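Asker: okay, structure incoming, though there's no sequence with it:
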């Protein structure tokens, strides 16, 4: 929401080669800006790993450009 309020584009997680599992796990567990943290009773480590694997398996569509440059 903070990014949307300021008009900045929301960054995509798809196609990122620099997204590390440890970083994603830390953000999910601790929260970030307006994203609340998720406790292990809400989202298990196995589920976080499945989400990470899903994100990393996705590819940007061929016609997807950088929205920030539009």
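Answerer: Received it, and whenever you're ready, just let me know what you need. Since this is a predicted model, take the numbers as computed values, not measurements. Residues are numbered from 1 along each chain as shown.
Asker: report the mean confidence score over the top helix by length along the chain.
Answerer: Counting residues, the longest helix found in the chain (DSSP state H) is helix 45-57. In this model, helix 45-57 has a mean pLDDT of 96.
Asker: which strands and helices sit next to that helix?
Answerer: Judged by 3 or more Cβ pairs under 8 Å, 6 or more residues apart in numbering; DSSP states H and E, helix 45-57 is in contact with helix 21-30. All C-beta atoms are positioned from the backbone trio N, CA, C, and that covers glycine.
Asker: from the contact counts, what lies against the helix it packs on?
Answerer: helix 45-57.
Asker: for the protein, give me the ranges with low pLDDT.
Answerer: 1-10, 63-70 (pLDDT under 70).
Asker: find the residue at the geometric middle of it.
Answerer: When Cα atoms, centre = their mean is applied to the chain, the residue found nearest the centroid is residue 13 (4.7 Å).
Asker: picking up where we left off before, okay, angle between the longest helix of the chain and helix 21-30 too, please.
Answerer: For helix 45-57 against helix 21-30, the angle by axes from the mean of the first three to the mean of the last three Cα atoms, to 10 degrees is 130 degrees.
Asker: in helix 45-57, what counts as buried?
Answerer: 48, 52, 55 (16 or more other Cβ atoms under 10 Å).
Asker: got those residues as a markdown table, with distance to residue 41 columns?
Answerer: Output for those, formatted as a markdown table (distance: Cβ to Cβ, whole Å):
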| residue | distance to residue 41 |
| --- | --- |
| 48 | 13 |
| 52 | 19 |
| 55 | 23 |
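Asker: nearest to residue 62 among the residues you listed?
Answerer: Taking Cβ to Cβ as the measure, residue 62 sits nearest to residue 55 out of the buried residues of helix 45-57, at 18.9 Å.
Asker: helix, strand or coil: sort out the nearest residue to that closest one once chain neighbours are set aside for me.
Answerer: Counting by Cβ to Cβ, 6 or more residues apart in numbering, residue 13 is the residue found nearest to residue 55 once chain neighbours are left out, at 5.1 Å. For residue 13, the assignment made with DSSP: H, G, I helix; E, B strand; the rest coil gives coil.
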